[in-house]
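S.K.: sequence first, predicted coordinates after that:
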Amino acid sequence: MTALLTVPEAARVIRVSPRRAYELAARGELPGVRRVGKRTFRVSRAELEAFVGAPILREELQK
């Protein structure tokens, strides 16, 4: 099973605001986005790591 991040977690990794990350997700510009509800997104951790070119550390998700 693929590990999924929330959009605010993904925003911290790519260093943008959560609002900006939601905008990118809605436009399809954030890699690995999956819709899991009418207004809910999740982001594939593996695809986001490939996008940023580095593994995502647990500390980055907890800031």
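M.R.: It's in.

S.K.: longest helix of this protein?
M.R.: Identified as the longest helix of the chain according to DSSP state H is helix 18-27.

S.K.: report the strands that pair with the helix or strand just after it, each with its relative direction.
M.R.: Following helix 18-27 in sequence order, the next helix or strand is strand 33-35 (DSSP states H and E). The partner list of strand 33-35 in its sheet, established with DSSP bridges, is strand 41-44 (antiparallel).

S.K.: what's the first helix or strand past the strand it pairs with going along the chain packed up against?
M.R.: Remark: after strand 41-44, the chain's next helix or strand is helix 45-52, criterion DSSP H and E. Helix 45-52 sits against strand 4-5, helix 7-14, with contacts defined as 3 or more Cβ pairs under 8 Å, 6 or more residues apart in numbering; DSSP states H and E. Every C-beta, even on glycine, is put in place using the N, C-alpha and C of the backbone.

S.K.: can I get these in CSV with mean pLDDT?
M.R.: Shown next, in CSV, are the helices and strands packed on helix 45-52 (pLDDT from 0 to 100):
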stretch, mean pLDDT
strand 4-5, 94
helix 7-14, 93
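
S.K.: between the longest helix of the chain and helix 7-14, how big is the angle?
M.R.: Calculated by axes from the mean of the first three to the mean of the last three Cα atoms, to 10 degrees, helix 18-27 forms an angle of 100 degrees with helix 7-14.

S.K.: okay, now the unreliable bits of this protein?
M.R.: 1, 62-63 (pLDDT under 70).

S.K.: how close does Ile56 sit to Gly37?
M.R.: 23 Å (Cβ to Cβ, to the nearest Å).

S.K.: C-alpha coordinates for the longest helix of the chain, CSV please?
M.R.: Extracted in CSV, the C-alpha atoms of helix 18-27 (Å, rounded to 0.1, in the frame of the first residue of the first chain):
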residue,chain,number,x,y,z
PRO,A,18,-1.2,24.8,2.6
ARG,A,19,-3.5,27.1,0.6
ARG,A,20,-1.0,27.1,-2.3
ALA,A,21,-0.6,23.3,-2.1
TYR,A,22,-4.4,22.9,-2.3
GLU,A,23,-4.4,25.1,-5.4
LEU,A,24,-1.6,23.0,-7.0
ALA,A,25,-3.4,19.8,-6.2
ALA,A,26,-6.7,21.1,-7.6
ARG,A,27,-4.9,22.1,-10.9
